[in-house]
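K.L.:
Provide a 3D model corresponding to the input given below.
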Amino acid sequence: MLEVQKKNKERVNVYLDGEYAFSLTLIEAARLSKGQQLADNEVAALKGEDEVQKAVDRAARFLAFRPRSIQEVRRNLHEKDTATEIIEVALERLSAKGYLDDDAFARFWVQNRSQFKPISPKALRYELRQKGVSSEIIDEVLESLDRDDLAYRAAQSRASRLRGASRQVFRQKLSAFLQQRGFGYAAIRDVVERMIGELEAQGHFEDTENDEE
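P.N.:
I've put the predicted structure just below:
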C-alpha cells in the first residue's frame with residue numbers, strides 16, 4: 001500500500017504485507033503500483049534510496065543556516081548516526097546539484113570573515129583546514145589577500161573602543177588584540193603606528209606625560 005505522508009506531501013509511505021516498511025519521494029513512488037510484487041533486492045534498493053534521501057534532507061536543513069564545507073556536512077551526518085556509505089552517496093548528490101562546493105564555501109568564509117571579523121591569513125588557513133578544505137583550495141583563495149589591509153581593518157574595529165587611552169596603553173592593547181587575531185609582529189607594528197599617527201592627527205594623545213607612567 002502507498003500512502004502520502006500527512007506532514008510531508010512530497011513523500012509517500014510504503015507498506016509491505018500491511019506494515020510500514022519505508023518511505024519514498026513522490027517521483028520514486030510513482031514507479032510503483034498497487035499490488036506490485038517486489039523482490040528482496042528491489043525492497044533493499046528502495047530502502048537504500050529512502051535512507052539516502054533522508055540524509056540529503058538532513059544535510060539540506062543543516063545547510064539552510066549558512067554554507068558549509070563537505071567535511072562539515074559529513075561530520076554532521078555521522079553525528080546523526082547515518083551510515084558511511086549512505087553519507088557518501090548523499091554528498092555526491094548534493095555536490096552534483098551545486099549545494100556543496102568547497103571552493104565556493106572557502107571564498108564565502110574568507111569574505112565573511114574579512115568583512116565582519118578580520119583575522120590574519122594564517123588564522124584563516126587554520127579555520128579552513130579545521131573545516132576540511134583542501135590545501136590547494138585554501139592556497140588559491142588566500143593568494144590575493146592583503147595581510148596589511150586585514151590587519152588595518154581589524155585594528156579599526158578595535159581602536160574605537162580604546163579612545164581616551166594613553167598612547168602607551170593604546171599601543172599595548174591594540175597590539176595584543178591583533179596578536180589574538182593571528183597577525184605577526186611586522187604587521188602589528190606597522191598598523192599600530194599607522195593608527196597612532198592617524199589619531200594624533202585628529203588631536204588624540206596630547207597628554208604625553210601619561211605615556212611615561
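
K.L.:
what's the burial count for residue 50?
P.N.:
If you count neighbours by other CB atoms under 10 Å, residue 50 ends up with 19. Where C-beta positions appear, they are placed from N, C-alpha and C, glycine not excepted.

K.L.:
Also the one 10 residues further on?
P.N.:
Residue 60 has 14 neighbours, counted by other CB under 10 Å.

K.L.:
Pull up the gap between it and residue 151, please.
P.N.:
Applying CB to CB, to the nearest Å, one obtains 38 Å for the distance of residue 60 from residue 151.

K.L.:
Sketch out the low-pLDDT regions of this structure for me.
P.N.:
The model of the chain has pLDDT under 70 over residues 1-7, 9-10, 12-14, 16-19, 21-43, 45, 206-213.

K.L.:
Which helix in it has the most residues?
P.N.:
If you go by DSSP state H, the chain has its longest helix at helix 40-63.

K.L.:
So what are the structural domains in the protein, by residue number?
P.N.:
Structural domains of the chain, as assigned by automatic domain parsing, span the residue ranges 2-96, 102-142, 147-212.

K.L.:
what about the residue nearest the centre of the chain, which SS state?
P.N.:
Most central in the chain under CA atoms, centre = their mean is residue 68, positioned 3.9 Å from the mean C-alpha point. When states are read from DSSP: H, G, I helix; E, B strand; the rest coil, the local structure at residue 68 comes out as coil.

K.L.:
Which parts of this structure are strands?
P.N.:
Taking DSSP state E, the strands of the chain run over residues 2-4, 11-16, 19-25.

K.L.:
ok, back up a step: from the chain's centroid, how far away is the longest helix of the chain?
P.N.:
Relative to the chain's own centre, helix 40-63 is displaced by 24 Å; criterion: CA atoms, centre = their mean, to the nearest Å.

K.L.:
List the buried residues of that helix.
P.N.:
In terms of neighbour count (16 or more other CB atoms under 10 Å), helix 40-63 has its buried residues at 46, 49-56, 58-59, 62-63.

K.L.:
again with stretch 143-150
P.N.:
Neighbour-count burial for stretch 143-150, counted by 16+ other CB under 10 Å, picks out 147, 150.

K.L.:
Would you mind listing the outside residues contacting that stretch?
P.N.:
Residues from elsewhere that reach stretch 143-150 (CB atoms under 8 Å, 6 or more residues apart in numbering): 110, 114, 118-121, 124, 183, 187, 190-191.
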